[in-house]
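Engineer: pasting the structure only:
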């Protein structure tokens, strides 16, 4: 597709452009037939020419001679003949096709007088139909030599929009009256919505493992802060206390010195609450739970890639099924002392993990 045609992937020209081009107004009645939009010629025509309007004076039937009255303007050879009211295609050709009413193909080949002229092919037109006659029909918008790497002289044509959403979304002033249906998960630019999240990686536990980890392949400078959701975690024993550590060397050494983690728990169906012991050498998401713990929650990881801050902060929540058939809600937090960028997050437990899912998101918007 030429650059000129790429430029023409416009969904709607501005009102001023329509007015300048003298494109007829689009009304509710005019769009009952999508193939019969006012001024629909597939191109923008600059009407910088002589224009005349006339009224057919006597029905024309399979003839090239047209008698008119009510003339406004000057009729001349070469003028293009179209109907004034494009919602009614009142001109038909020898094949009874009515596209000739609006497609700029019917022209004046001879002028007998200002009330009679000859057209380029035999047509039929009802009496009293108003016609618009235009000269200089070649006054189209074209590319010029000032546009680098373009097809100089090409017309700027309007055509159906492509499947590329950028055709629409790159505009700074587009009103939308319908829904967007995404065929895949969208990533939103932070400049549009402020801070946002982008799915980076997911880990699904399908067999017994001692721990899971998001490595330096996923914890990079692309994002400074991260967010992890854990869902439906199960364990192989009754010491399924979910925990987390960070590392600055892809797991070779875990940060355990200068780590202070604590959690507050609340029984959801009993009047009991309390704190886990403070100063744990890891982030404690929960205390012991039974084998069907189904631990579900999330955690924010702030400034993991920062090289100036003294601490990396993590804050999370988790809801678990505890032994004794009751539910427990945990709120937890931890500070990890290091100025080096973190590139590894490990989740582990007092027992092995046997099921569940972890989803890692990068936080956009400079957070």
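Structural biologist: Cool, got the structure. As the structure is a computational prediction, the values presented were derived from the model and not from experiment. Residues are numbered from 1 along each chain as shown.

Engineer: Show me where the stretch 201-350 of the chain dips below the pLDDT cut-off.
Structural biologist: Applying pLDDT under 70 to the stretch 201-350 of the chain picks out residues 239-240, 268-279, 288-293, 323-325.

Engineer: What segments of it are strands?
Structural biologist: 209-214, 226-235, 242-247, 259-267, 273-275, 283-284, 295-302, 311-322, 326-337, 344-363 (DSSP state E, counting those that start in this stretch).

Engineer: Summarise which helices and strands the last one is packed against.
Structural biologist: Looking back up the chat, that one is strand 344-363. In terms of contacts (3 or more C-beta pairs under 8 Å, 6 or more residues apart in numbering; DSSP states H and E), strand 344-363 is packed against strand 197-205, strand 209-214, strand 226-235, strand 242-247. In this view, the C-beta of every residue, glycine as well, is placed from N, C-alpha and C.

Engineer: Which strands or helices does the last one pack on?
Structural biologist: For strand 242-247, the contact count by 3+ C-beta pairs under 8 Å, 6+ apart identifies strand 283-284, strand 311-322, strand 344-363 as packing neighbours.

Engineer: closest one to residue 229 among those?
Structural biologist: Shortest distance between residue 229 and the helices and strands packed on strand 242-247, using C-beta to C-beta, is found for strand 344-363: 4.6 Å.

Engineer: still on that earlier bit, let me know which of the strands of the stretch 201-350 of the chain is the nearest to residue 92.
Structural biologist: Closest among these, once you apply C-beta to C-beta, is strand 344-363, at 62.3 Å.

Engineer: what angle sits between that closest one and strand 242-247?
Structural biologist: Between strand 344-363 and strand 242-247, the angle comes out at 90 degrees (axes from the mean of the first three to the mean of the last three C-alpha atoms, to 10 degrees).

Engineer: and strand 344-363, which strands flank it?
Structural biologist: strand 197-205 (antiparallel), strand 209-214 (antiparallel), strand 226-235 (antiparallel), strand 242-247 (antiparallel) (DSSP bridges).

Engineer: For the third one, which outside residues touch it?
Structural biologist: Residues from elsewhere that reach strand 226-235 (C-beta atoms under 8 Å, 6 or more residues apart in numbering): 197, 200, 205, 214, 219, 240, 242, 285, 289-301, 304, 318, 345, 347, 349, 351-363.

Engineer: which of the residues you listed are buried?
Structural biologist: Buried members of the contacts of strand 226-235, scored by 16 or more other C-beta atoms under 10 Å, are 197, 200, 205, 214, 219, 240, 242, 285, 289-290, 293-301, 304, 318, 345, 347, 349, 351-363.

Engineer: possible to save the helices and strands packed on strand 344-363 as a markdown table with distance to residue 183?
Structural biologist: Shown next, in a markdown table, are the helices and strands packed on strand 344-363 (distance: least, C-beta to C-beta, whole Å):
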| stretch | distance to residue 183 |
| --- | --- |
| strand 197-205 | 16 |
| strand 209-214 | 27 |
| strand 226-235 | 23 |
| strand 242-247 | 35 |
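
Engineer: Return the most buried member of those strands.
Structural biologist: strand 242-247 (a mean of 24; mean count of other C-beta atoms under 10 Å).

Engineer: Please work out the angle formed by the directions of that one and strand 295-302.
Structural biologist: Using the same axes, to 10 degrees: strand 242-247 against strand 295-302 is 20 degrees.

Engineer: for residue 263, what are its contacts?
Structural biologist: With C-beta under 8 Å, 6+ apart, residue 263 has these contacts: 275-276, 284-287, 330-333.

Engineer: mind redoing it with 7 Å?
Structural biologist: Taking C-beta atoms under 7 Å, 6 or more residues apart in numbering, we find residue 263 in contact with 276, 284-286, 330-332.

Engineer: Thought residue 319 was touching residue 327, still the case?
Structural biologist: Yes: assessed by C-beta atoms under 7 Å, residue 327 is found in contact with residue 319 at 6.4 Å.
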